[in-house]
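Chemist: Just the structure for this:
(one chain, ligands or ions: 1)
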Amino acid sequence: MSPILEVEHLSATIAGQPVIEDITFTVPATGVTAVLGRNGVGKTSTMKAVMGLIARSGKVVFDGVRIDREDTHRIVRRGIGYVPEDREVFGSLTVAENLRLAERDARPRRDLVEQLFPDLVRRGGQRAGTLSGGQQQMLSLARALLNDNRLLLVDEPTKGLAPKIVTEVAEALEEAARTVPVLLVEQNLPVIERLAADVVVIDSGRVVHTGQAGALLTDAEAVHRLLGVHADTADTVAADAVAAATAPEGAK
Ligand SMILES: Nc1ncnc2c1ncn2[C@@H]1O[C@H](COP(=O)(O)OP(=O)(O)OP(=O)(O)O)[C@@H](O)[C@H]1O
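Modeler: This next block holds a predicted model:
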């Protein structure tokens, strides 16, 4: 099967400063591909460059069509959904209004969204600005899933969330990934282990490793060298996350 996204020699600048230098990778047409790397190496910039949100050069091919000269509006209409790191929701509008505004297709996938996020249905009348961080993340994901996208770019969806909510967001993403391929920026190794088939590791604006997620995560030396964390720390984090997610309410 051909890749859904091909990125070749992609470079980008913000305010004239280079933020990524020479990024090359492909995203398979199914499953989750994780973009990893230490803080500030260019993960978010890579997503923004693909979406045409920052000045870029190089080649980006989406489902066989070059999109690197197109504006963001056109790229979105081609079927790439983008869930940015800052969870863009309209804070003064209700949850239901946020969802309605995101509907682009003639037949939005309301059933899928209601099945994945029953809590959002219950909170339809609540102003989005008063939702918790985890609920805002769910709303942001739901907005992208309403349309029949052919690829989702999701930037650090679990950042800053409590372990139990991290598990809920991971579950929602896992479900979503059954219907659409996902390019996921993520720092949480247990989440990557659970969701990702493939990984792309970035360092100093360049790709330094691509391969299968399982092969990287079981190689403690590579995890330490490429990501700057100890694999056993990741195991501890995973164990803590599972314990927190499964502990009775009063024990958390
Ligand atoms: N608006 C901006 N103005 C100037 N420099 C920026 C801006 N946004 C990002 N940068 C710089 O670009 C580089 C890459 O940033 P980017 O946000 O892509 O990294 P990241 O890997 O996503 O980081 P993190 O994991 O911390 O979110 C960093 O050195 C950052 O300081």
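
Chemist: Show the pLDDT at residue 243.
Modeler: Residue 243 is assigned a predicted lDDT (pLDDT) of 52.

Chemist: try residue 248
Modeler: 52.

Chemist: go on, the one 3 residues further on?
Modeler: In this model, residue 251 is scored at 46, pLDDT.

Chemist: where does the stretch 151-252 of the chain have low pLDDT?
Modeler: Applying pLDDT under 70 to the stretch 151-252 of the chain picks out residues 231-252.

Chemist: Quick check: residue 34 vs the ligand, distance?
Modeler: Distance of residue 34 to the ligand, given as C-beta to the nearest ligand atom, to the nearest Å: 13 Å. Heads up, the C-betas are built off the backbone N, CA and C, glycines and all.

Chemist: typo on my end, residue 146
Modeler: Using C-beta to the nearest ligand atom, we find residue 146 at a distance of 26 Å from the ligand.

Chemist: Could you do residue 226 as well?
Modeler: 13 Å.

Chemist: and this structure, which residues reach the ligand?
Modeler: Applying C-beta under 6 Å from any ligand atom, we find that the chain lies next to the ligand at 14-15, 17, 19, 37, 39-45.

Chemist: In space, not sequence, find me the middle residue of the chain.
Modeler: residue 154 (1.9 Å; C-alpha atoms, centre = their mean).

Chemist: and that residue, what does it touch?
Modeler: With contact set as C-beta atoms under 8 Å, 6 or more residues apart in numbering, residue 154 has these partners: 83, 141, 144, 173, 182-185.

Chemist: Specify the local secondary structure of it.
Modeler: What DSSP: H, G, I helix; E, B strand; the rest coil gives for residue 154 is strand.

Chemist: just so I have it, where are all the strands in the stretch 1-150 of the chain?
Modeler: Along the stretch 1-150 of the chain, the segments classed as strands by DSSP state E, counting those that start in this stretch run 5-14, 17-27, 32-36, 55-62, 65-66, 80-83.

Chemist: Out of those strands, which one sits most buried?
Modeler: Across those, the average number of neighbours (mean count of other C-beta atoms under 10 Å) peaks for strand 32-36, which reaches a mean of 26.

Chemist: can you list contacts of it?
Modeler: Contacts of strand 32-36 (C-beta under 8 Å, 6+ apart): 25, 27, 43, 46-47, 173, 177, 181-187, 192, 195-202, 213, 226-227.

Chemist: I'd like to know which of those are buried.
Modeler: 25, 27, 43, 46-47, 173, 177, 181-187, 192, 195-196, 198-202, 213, 226-227 (16 or more other C-beta atoms under 10 Å).
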